[in-house]
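A.B. asks: Below are the sequence and a predicted model for it; my questions follow.
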Amino acid sequence: MTTNPTLTVQDLSVVFPDSNGGLNALENISFDVSPREFICFLGPSGSGKTTLLRVLANLLQPTAGQVHFIRHEQPKIGMVFQQPSLMPWRSVLENIKLPLELEGVDESTARKKAQEMIELMGLRGFEDSWPRDLSGGMAQRVGIARALIHDPDLLLLDEPFASLDALTRERMWMELSRIWQAKQKTVIMVTHSINESLFLADRVLVLTQRPGKIKLDVEVDLPRPRKDDIRYTPHFGKLARKLREAIE
Amino acid sequence: MFKPFQNIFPAILSIVFAVLAWQFTVQVTQLPRFILPAPVDVWSRFLKALSDGSLIYHTGITLAEIVLGLLAGITFATVTGYALAKSRALEKVLSPYLVASQAIPVVAIAPLLVIWLGDGILSKVVICALIVYFPVLVNTVVGVRAVPTALYDLMHSIRATRGQILLKLELPASLPILLGGLRIGATLSVIGAIVGELVDAEQGLGFLLQLGDFQYDTSMVFVAVFMLIALALSMYGVVTLLERKFLKWQNPSR
């Protein structure tokens, strides 16, 4: 992609203070993200993946370096967490419309948009269910719907499918790539699954063990839309091996 | 239609049984009325007090003290509780006083409050508020601290303001524990009002209780005690209704 980047990260470092001089979570991270690009950060646990997302979501101030968004200084962010993080006292529909409520969108518009997201995420019939009555996959769909409803500039996904079983996870990949194509969002996702990153992303960046540095930046030139059987093609295998070798 | 009846039926049965046992005791022991009046005596005393308006008046006074005391106690407790939950420093400064204040029984300072604030309704409201304060405070602190950090992250990621975090996250998330504190406070508030009235009062159920005592009108004492039970039960019932309304999501789904 040759368009101007929508997001530039320069020399980002995060040090968590501790008793022996601080814990380096991230060190000199620099990368650009193009509009509507789907980027995956791949790395072992303890590589600072979540820390990176927290900085991008403005939940954490970096120790050094900067995050620069081209169009807005403060972009709208939709974030999906490792756990669905739903509010147990709100129904599915009420959880999904929360971001609109905070923006002051009027109730009927908010409900209408939430209903659209419910259709898109295949949650019809569950509008009035309580979160505790949902399966893991359903709950995470609600999380994704909530992250998308306010039309964010940037979608951040923090290992959203890590707690799901293998079959549900693969189904969610298909769903997510369908929605990404429909919504045309810039997405940054972190994961420790090579298959997941290759299946979904345009670009995969591999992070090293703590302190997290970018070790490899791979363009995923697999054709879209990607179907389940793409995993058995030789090219997928070659990319997977390359990523596997980069992760220590 | 059928279910609520099924739920209260055992309770009704046990009350009927208790009244019968009471009547039986009176008949067997032949105790004088001013020691142990029969259920019928208490009932007719109740009707008499009801018809001359005195019962409704005094119950109303006590109820007003309870409700005002509860409201004041809850307001003060939730505001300070929230501040304490948010600031460890404040907690360190204030907690010795709070714990010490709990070591003093309200009964011990009630006379002092009546001297300072007079024998009217105000001193009772304050005693009520004091007795309600601590359990609601503790539950507010626990409730606010129990709000999951993941949900704070969520709210910050969609740039919620402080007010929105309070209204849409902290309040609903801590409500179950908060209402638990209220449940304790509601029953305690009845005790608070009576303690205050027994110290010195010209009105209220505590006054009626003492009057009955002085005049050997034991039936009146019983009537006042039963009214107090009714008040405590209704306060408890109101909290249960609030829980049912606001904590629907906690009830098992059918």
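C.D. replies: Happy to help now that I have it. Remember, predicted model here, so these are calculated numbers, not experimental data.
A.B. asks: and chain A, which residues reach chain B?
C.D. replies: Within chain A, the residues that sit near chain B (Cβ under 8 Å from any Cβ of the partner chain) are A:54, A:57-59, A:74, A:77-79, A:81, A:83, A:85, A:87-91, A:98-99, A:101-102, A:130, A:132-133, A:150, A:156. (Each C-beta comes from the backbone N, C-alpha and C, glycine too.)
A.B. asks: which of these count as buried?
C.D. replies: When those are checked for burial by 16 or more other Cβ atoms under 10 Å in any protein chain shown, the buried set is A:54, A:57, A:59, A:77-79, A:81, A:83, A:85, A:87, A:89-91, A:98-99, A:101-102, A:130, A:150, A:156.
A.B. asks: Restricted to helices, list the residues of chain A next to chain B.
C.D. replies: Taking DSSP state H as the definition of helices, the residues of chain A next to chain B contribute A:54, A:98-99, A:101-102.
A.B. asks: gap between the most centrally placed residue in chain A and residue A:187?
C.D. replies: Centroid-nearest residue in chain A: residue A:157, 1.8 Å away (criterion: Cα atoms, centre = their mean). Taking Cβ to Cβ, to the nearest Å as the measure, residue A:157 and residue A:187 are separated by 7 Å.
A.B. asks: Now the helix of greatest length in chain A: buried residues?
C.D. replies: Looking across chain A with DSSP H, the single longest helix is helix A:166-183. Buried residues in helix A:166-183, counting neighbours by 16+ other Cβ under 10 Å, are found at A:168-173, A:175-177, A:179-180.
A.B. asks: ok, and what's touching it?
C.D. replies: For helix A:166-183, contacts defined as Cβ atoms under 8 Å, 6 or more residues apart in numbering or on different chains pick out A:38, A:120-122, A:135-137, A:140-141, A:144, A:148, A:160-161, A:164, A:187, A:196, A:199-200, A:224-226, A:228.
A.B. asks: Buried ones from the residues you listed, can you make that a PyMOL selection?
C.D. replies: The following PyMOL line selects those of those that are buried, judged by 16+ other Cβ under 10 Å:
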select buried, chain A and resi 38+120+121+137+140+141+144+148+160+161+164+187+196+199+200+226
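A.B. asks: Identify those among the contacts of helix A:166-183 that sit within strands.
C.D. replies: A:38, A:187 (DSSP state E).
A.B. asks: packing partners for the one helix or strand residue A:204 maps to?
C.D. replies: Assigning secondary structure by DSSP states H and E places residue A:204 in strand A:203-207. Counting contacts by 3 or more Cβ pairs under 8 Å, 6 or more residues apart in numbering or on different chains; DSSP states H and E, strand A:203-207 is packed against strand A:38-42, strand A:214-219, helix A:234-246.
A.B. asks: how close does the residue of chain B most remote from its centre get to chain A?
C.D. replies: Taking Cα atoms, centre = their mean, the residue of chain B most remote from its mean C-alpha position is residue B:157, at 40.6 Å. To chain A, residue B:157 is 4 Å away according to Cβ to the nearest Cβ, to the nearest Å.
A.B. asks: next one: residue B:58
C.D. replies: Applying Cβ to the nearest Cβ to residue B:58 and chain A gives a distance of 41 Å.
A.B. asks: contacting residues around residue B:23?
C.D. replies: Neighbours of residue B:23 in contact, by Cβ under 8 Å, 6+ apart: B:38-40.
A.B. asks: Please repeat the previous calculation with a cut-off of 6 Å.
C.D. replies: Neighbouring residues of residue B:23 by Cβ atoms under 6 Å, 6 or more residues apart in numbering or on different chains: B:38-39.
A.B. asks: Phi, psi for the closest residue in space to residue B:117 that isn't next to it in sequence please.
C.D. replies: The spatial neighbour of residue B:117 that comes closest, neighbours along the chain excluded (Cβ to Cβ, 6 or more residues apart in numbering or on different chains), is residue B:123 at 3.9 Å. As for residue B:123, its main-chain torsions (degrees, to the nearest 10) stand at phi -60, psi -40.
A.B. asks: what pairs with the residue lying closest to residue A:5 once chain neighbours are set aside across the strands?
C.D. replies: Spatial nearest neighbour of residue A:5, excluding adjacent residues (Cβ to Cβ, 6+ apart): residue A:32 at 3.8 Å. Taking DSSP bridges as the rule, residue A:32 bridges to residue A:8.
A.B. asks: Thought residue A:7 was touching residue A:32, still the case?
C.D. replies: No. Residue A:32 is not in contact with residue A:7 according to Cβ atoms under 6 Å; the separation is 7.0 Å.
A.B. asks: between those two, who's got more neighbours?
C.D. replies: More neighbours surround residue A:7 than the other of residue A:32 and residue A:7, with 22 against 16 (other Cβ atoms under 10 Å in any protein chain shown).
A.B. asks: any idea how far the residue lying closest to the more buried one once chain neighbours are set aside is from residue B:183?
C.D. replies: In this structure, residue A:7 finds its nearest non-sequential neighbour in residue A:33, 4.2 Å apart by Cβ to Cβ, 6+ apart. Separation of residue A:33 from residue B:183 (Cβ to Cβ) stands at 52 Å.
A.B. asks: residues in contact with residue 81?
C.D. replies: This is for chain A. Applying Cβ under 6 Å, 6+ apart to residue A:81 gives the contacts residue A:158.
A.B. asks: hm, I was asking about chain B
C.D. replies: Taking Cβ under 6 Å, 6+ apart as the test, what residue B:81 contacts is B:137, B:140-141.
A.B. asks: Of these, which is the nearest to chain A?
C.D. replies: residue B:140 (17.3 Å; Cβ to the nearest Cβ).
A.B. asks: what about the closest one, which SS state?
C.D. replies: What DSSP: H, G, I helix; E, B strand; the rest coil gives for residue B:140 is helix.
A.B. asks: now the helices for the stretch 1-150 of chain B?
C.D. replies: All helices of the stretch 1-150 of chain B, identified by DSSP state H, counting those that start in this stretch, fall at B:2-29, B:39-51, B:54-86, B:88-103, B:106-117, B:121-145, B:149-157.
A.B. asks: For the first one, buried residues please.
C.D. replies: The reference is to helix B:2-29. residue B:26.
A.B. asks: The last one too?
C.D. replies: By 16+ other Cβ under 10 Å, the buried positions in helix B:149-157 come out as B:151-157.
A.B. asks: same check, this time on the fourth one
C.D. replies: Going by neighbour count (16+ other Cβ under 10 Å), the buried part of helix B:88-103 is residue B:98.
A.B. asks: Run a quick neighbour tally on the residue nearest to residue A:7.
C.D. replies: Applying other Cβ under 10 Å, we find 23 residues neighbouring residue A:33.
A.B. asks: which ones are touching it?
C.D. replies: Contacts of residue A:33 by Cβ under 6 Å, 6+ apart are A:5-7, A:39.
A.B. asks: What of residue B:85?
C.D. replies: Neighbours of residue B:85 in contact, by Cβ under 6 Å, 6+ apart: B:141, B:144-145.
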